[in-house]
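[1] Here is the input, now give the coordinates:
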Amino acid sequence: MKQISLTKINLLKRMKMKKLALYLIIAVGVVLISLDIYIINLLKDVHELEEQVVMENKTDSVTMIWRFDHLLLTEDNVKKEIIAQGLDYPDIVLAQAIIETGGFTSQSCRKDNNLFGLRGRDGYLKFNSWTEAVAKYKECAQAYKNKPKTEEDYYRHMESMGYAENPLYCKIIKETVEKRRK
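    Residues are numbered from 1 along each chain as shown. Predicted structure coming up:
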């Protein structure tokens, strides 16, 4: 009789342990689902911030442009920023950024936010954000006396200003632009 009671007690203990384990699994599942929902909402917030790159606030006929300078570094965001800053020939400029940074993987790009291999007297320039590099590119490479009217004119402009050391640079950029347009 005592042996049967002990067996029943052990069986009840095991059933309680299984029930407790099941509750624990359910609780962990709920936490993981909540975490997934939190991450999804966080990613949505980041996406909304990316979409608000340029907001115009008109006051007394003065337009103030506010920028969110900590955008994720992606090809799409770089092209949006090139367009937002009013650079000419955005496809060519984006191709330059891709070539100069090895697809945004170079140390100069990742560490110093330099998308275009821009140099100063003391070597490669360093920027607080990659959007600053876009602005500097416009200041340096697109300050023309005579604005190029076609992409071919722009390639000639880059060659005449000695933008790159590689004599095939413009050819490489052209090929990159053509591939991206297909």
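[2] rest of the way, CA atoms for contacts and neighbours
    OK.
[3] Please enumerate residues in contact with stretch 83-94?
    Identification of contacts with stretch 83-94 by C-alpha atoms under 8 Å, 6 or more residues apart in numbering yields 54, 75, 78-79, 82, 134-135, 138, 142, 151, 154, 173-174, 177.
[4] Could you identify the buried members of those?
    With burial judged by 16 or more other C-alpha atoms under 10 Å, the buried subset of these is V54, V78, K79, I82, V134, K138, Q142, Y154, I173, K174, V177.
[5] Those: which two are farthest apart?
    Farthest-apart pair in the buried ones among the contacts of stretch 83-94 is V54 and K174; separation 29.1 Å (C-alpha to C-alpha).
[6] measure the residue nearest in space to the middle of the chain to E165 for me?
    Centroid check for the chain by C-alpha atoms, centre = their mean gives L73 as the closest residue, at 2.1 Å. Distance of L73 to E165, given as C-alpha to C-alpha, to the nearest Å: 26 Å.
[7] from the chain's centre, how far out does whatever helix or strand M158 lives in sit?
    Assigning secondary structure by DSSP states H and E places M158 in helix 151-160. Relative to its chain's centre, helix 151-160 lies at 28 Å (C-alpha atoms, centre = their mean, to the nearest Å).
[8] And stretch 137-146, by the same measure?
    Averaging C-alpha positions (C-alpha atoms, centre = their mean) puts stretch 137-146 25 Å from its chain's average.
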